[in-house]
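K.L.:
For reference, the sequence and a predicted model appear below.
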Amino acid sequence: MLMNLPIFLTWLRIIAIPLFVGIFYLPPELLPPATQNLVATIIFGGAALTDWLDGYLARALNQTSAFGAFLDPVADKLMVTAALIVLVHLGRLDASIALIIIGREITISALREWMAQIGKSKSVAVSLLGKVKTAAQMVAIPLLLYHDKVYELFDSQRIGTWLIYIAAVLTLWSMIYYLRAAIPHAIYHR
């Protein structure tokens, strides 16, 4: 099935990426920086919500498909990568953290593809550690995008920075976990 509601929501996430990035290139007279931050945060939050929603709907409506299973993580990685690059460009995130997270995503995607080719994809299935990493990252990114303080009580930049550092540590930890799971298969499938 090439198009159904879950796949449509996934395509919306991909289509939202240029809009999300473009927000920061609008002149300040048209959209002040604080409004840019808010709009980008809302777009990213909406994308995160559709990520959860498309998976839920695919299962609830019995509309799971191989194409949807392929496209969903691609959309996620594209949106997260775009957000990290924007945050580096805005000076809100150190490039080394973005490289760790993006590098891990590329590495694990390639590892999963290879493991699927040799019939061992269950060895590198999503783990709880990977889910916690994703949760930390999906909370940190909107906080870093928002960037402003909320009533002088809640410093979104500071909290987002701490969470993205935690996500980076979990990123490395989960990458090591997946690589260790794959090593025995690499030895026997040269």
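P.N.:
Nice, thanks for sending it over.
K.L.:
what helices or strands is the longest helix along the chain leaning on?
P.N.:
With secondary structure taken from DSSP state H, the chain has its longest helix at helix 156-188. Under the contact definition 3 or more CB pairs under 8 Å, 6 or more residues apart in numbering; DSSP states H and E, helix 156-188 sits against helix 95-117, helix 128-146, strand 149-150. C-betas here are computed from N, CA, C, even on glycine.
K.L.:
Now it: buried residues?
P.N.:
Neighbour-count burial for helix 156-188 flags 156, 160-161, 163-168, 170-171, 174-175, 177-178, 181-182, 185 (criterion: 16 or more other CB atoms under 10 Å).
K.L.:
circling back: of all the helices and strands packed on helix 156-188, which has the lowest average per-residue confidence?
P.N.:
Note on these: strand 149-150 shows the lowest mean pLDDT, a mean of 76.
K.L.:
Show me what it is packed against.
P.N.:
Using 3+ CB pairs under 8 Å, 6+ apart, strand 149-150 is in contact with helix 156-188.
K.L.:
Also compute the angle for the longest helix of the chain relative to helix 128-146, please.
P.N.:
Here the directions of helix 156-188 and helix 128-146 differ by 150 degrees (axes from the mean of the first three to the mean of the last three CA atoms, to 10 degrees).
K.L.:
and helix 156-188, how far out from the chain's middle?
P.N.:
In terms of CA atoms, centre = their mean, to the nearest Å, the centre of helix 156-188 is found 13 Å from the chain centre.
K.L.:
now do stretch 33-40
P.N.:
For stretch 33-40, the distance to the chain centre is 20 Å (CA atoms, centre = their mean).
K.L.:
Pull that stretch out as CSV, backbone CA atoms only.
P.N.:
Coordinates of the C-alpha atoms in stretch 33-40 are reproduced here as CSV (Å, rounded to 0.1, in the frame of the first residue of the first chain):
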residue,chain,number,x,y,z
PRO,A,33,13.3,35.9,16.1
ALA,A,34,11.1,35.0,19.1
THR,A,35,8.3,34.1,16.8
GLN,A,36,10.6,32.2,14.5
ASN,A,37,11.6,30.1,17.5
LEU,A,38,8.0,29.5,18.5
VAL,A,39,6.9,28.6,15.0
ALA,A,40,9.9,26.2,14.5
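K.L.:
So for it, mean pLDDT?
P.N.:
The pLDDT scores in stretch 33-40 average 94.
K.L.:
Would you mark the buried spots in that stretch?
P.N.:
By neighbour count with 16+ other CB under 10 Å, stretch 33-40 contains the buried residues Gln36, Asn37, Leu38, Val39, Ala40.
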